[in-house]
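Generate a structure from the sequence data that follows.
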Amino acid sequence: MSNFTIPVGPLHVALEEPMYFRIDVQGETVEHVNITAGHVHRGVEYLITKRNVFQNVVLTERICSLCSNSHPQAYSMAIEQIAGIKVPPRAEYLRAIADEIKRVASHLFNVGILAHLVGFESMFMHVMEVRERMQDIKETIFGNRMDIGANTIGGVRYDIDPASIGYLREQLDALLPDVEEIIKIYNTDASILRRTKGIGVLSYDEAIDCGVIGPVARAAGVNYDVRVKAPYAAYDRLEVPVHTLKDGDVWSRAMIRLMEARTAIDLIRQCLDTLPGGPTVATEERPAIPPGEAIAKCEAPRGELIYYVRMTDSPKPERVKWRVPSFPNWDALGIMLKKAKVSDIAIIVNSIDPCISCTER
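Model prediction:
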């Protein structure tokens, strides 16, 4: 059987972003994978040092579209640590609501793309139609369908009145049966199970060795979720189950995302049921940020997002650095793709839900 080297990317159908895979195959079987990134050259870390701390809340939200709420949230939390700012309770609950709304939209997008990659086009369109309801929620509550602008230093930039709460409950009630239906289909449909069960396997030990995080880790049995292990916002006052599976394959990663989407709907309801009154920001005036450094982290849809911020006497940060979930999850692709078929490459890559732009700073 002949050996070949297949170039996949940097422009290809599986990702909207450029990433190059040099894949050595024997016949139709993958023998070795070499991943080359660095095609984006965004320079966002440099741009952050040229703007003041408040301008950077807007800039960090542009780092990643699907995790656009998590970046400014983690950044704001780091600044709040440095300045000793205590976020009002109502703002903490509103941060959690925005977090979970983005989580549902992100997870449904990924499992929808999976249906497209396995050739189940009607399922792809159905999942995206269900996701559209969450997009409408974002547009109604926040005024935008992608970058929702929910966070600010010291709290949040939005509030919800009784009419908005009623609308949100109504939409969640309509959304939940659709999510349950999608879960049932992914559990039983032969075309999905045939292409995802036992494909791209990452064992528990391999997940630990690679340091993977988020749904990729939980699908391999790693019980780690920042919302539970290091609660932020209002998560220490919510019932947050951590979903895990043991097979570590493409199907398990999709199911973890679907279960977390269902849980996110419940978490939003919990927040609405116990939403306290009071202000949504710590102070109406922009607070002074003293010199100092801090680390903050949150559970983005793709996993643990870590921010480091260092301030001096300048109103501009001296250094801001982040570690996104895709970075450690990339390393595991070498294991997942080993002995895989060429036709499964796109499916396996999609299963880690990679984001190239937020990784290439």
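
How about the residue minimising distance to the centre of the chain, nearest residue that isn't a chain neighbour?
The centroid of the chain falls nearest to residue 301 when counting by C-alpha atoms, centre = their mean (2.3 Å). Excluding the flanking residues, the one nearest residue 301 by C-beta to C-beta, 6 or more residues apart in numbering is residue 106, at 3.6 Å. (Glycine included, C-beta is placed from N, CA and C.)

Surely that neighbour is in contact with residue 302?
Yes. In terms of C-beta atoms under 8 Å, residue 106 counts as a neighbour of residue 302; the distance is 7.5 Å.

coming back round to it: and the residue nearest to residue 301, which helix or strand is it part of?
Under the criterion of DSSP states H and E, residue 106 resides in helix 89-117.

send the alpha carbons of the helix or strand following that helix over as CSV?
Going down the chain from helix 89-117, the next helix or strand is helix 121-142, by DSSP H and E. What follows is helix 121-142, C-alpha atoms only, in CSV (Å, rounded to 0.1, in the frame of the first residue of the first chain):
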residue,chain,number,x,y,z
GLU,A,121,-27.9,18.1,5.6
SER,A,122,-31.5,18.2,6.9
MET,A,123,-30.3,17.8,10.4
PHE,A,124,-27.7,20.5,9.9
MET,A,125,-30.5,22.9,8.8
HIS,A,126,-32.7,21.9,11.7
VAL,A,127,-30.0,22.5,14.3
MET,A,128,-29.2,25.8,12.8
GLU,A,129,-32.9,26.7,12.8
VAL,A,130,-33.1,25.8,16.5
ARG,A,131,-30.0,27.9,17.2
GLU,A,132,-31.6,30.8,15.4
ARG,A,133,-34.0,31.1,18.3
MET,A,134,-31.0,31.8,20.6
GLN,A,135,-29.7,34.3,18.1
ASP,A,136,-33.1,36.1,18.3
ILE,A,137,-32.8,36.1,22.1
LYS,A,138,-29.4,37.8,21.8
GLU,A,139,-30.7,40.4,19.4
THR,A,140,-33.7,41.2,21.6
ILE,A,141,-31.9,41.3,25.0
PHE,A,142,-28.6,42.7,23.9
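
can you list the residues that contact helix 121-142?
98, 101-102, 104-105, 108-109, 111-113, 115-116, 144-146, 148-150, 158, 160, 164, 167-168, 171, 174-175, 178-179, 182, 185, 189, 192 (C-beta atoms under 8 Å, 6 or more residues apart in numbering).

Flag every buried residue along it.
Neighbour counts over helix 121-142 (16 or more other C-beta atoms under 10 Å) mark 123-124, 126-128, 130-131, 133-135, 137-138, 141-142 as buried.

Stretch 19-34 too?
Across stretch 19-34, burial judged by 16+ other C-beta under 10 Å covers 19-21, 23, 25, 30, 33.

and which of those residues is nearest to residue 279?
residue 19 (43.6 Å; C-beta to C-beta).

what sits against that closest one?
Contacts of residue 19 by C-beta under 8 Å, 6+ apart are 9-10, 35-37, 39, 354, 356.

List only buried entries from the residues you listed.
In these, burial by neighbour count holds for 9-10, 35, 37, 354, 356, counting by 16+ other C-beta under 10 Å.

Same list (those residues) but as TSV, adding secondary structure.
Listed next are those as TSV, based on DSSP: H, G, I helix; E, B strand; the rest coil:
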residue	secondary structure
9	coil
10	coil
35	strand
37	coil
354	coil
356	helix
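
which of those are the two that sit furthest away from each other?
Greatest spatial distance in those: 10 and 354, 12.8 Å, computed using C-beta to C-beta.

tell me the phi and psi of residue 337?
With angles defined as degrees, to the nearest 10, residue 337 sits at phi -80, psi -10.

Give me the below-cutoff pLDDT ranges for the chain.
1, 12-16, 361 (pLDDT under 70).

Tell me where it has strands.
3-8, 20-26, 29-36, 151-152, 155-156, 292-300, 303-311, 319-323 (DSSP state E).

between these, which one is nearest to residue 275?
Comparing those against residue 275 with C-beta to C-beta, the closest turns out to be strand 155-156 (12.2 Å).

neighbouring contacts of that closest one?
87-88, 91, 94-95, 98, 150, 279-282.

Could you do stretch 223-237 as well?
73, 77, 89, 92-93, 95-96, 99, 213, 217-218, 240, 242, 244, 271, 274, 296-299, 304.

got the end-to-end distance for that stretch?
20 Å (C-alpha to C-alpha, to the nearest Å).

Enumerate the positions of it that are buried.
Buried residues in stretch 223-237 (16+ other C-beta under 10 Å): 224-227, 231-235, 237.

any idea which of those is the one closest to residue 336?
Nearest to residue 336, judged by C-beta to C-beta, of the buried residues of stretch 223-237 is residue 224 at 18.9 Å.

Could you report the distance from the closest one to residue 153?
Distance from residue 224 to residue 153, counting by C-beta to C-beta, to the nearest Å: 28 Å.

do residue 30 as well
Noted for residue 30: a distance of 46 Å to residue 153, by C-beta to C-beta.

same thing with residue 9?
With C-beta to C-beta as the criterion, residue 9 and residue 153 are 38 Å apart.

same deal with residue 346?
The separation that residue 346 has from residue 153, given C-beta to C-beta, amounts to 40 Å.

higher neighbour count, those two?
Higher neighbour count among residue 346 and residue 153: residue 153, with 24 against 19, using other C-beta atoms under 10 Å.
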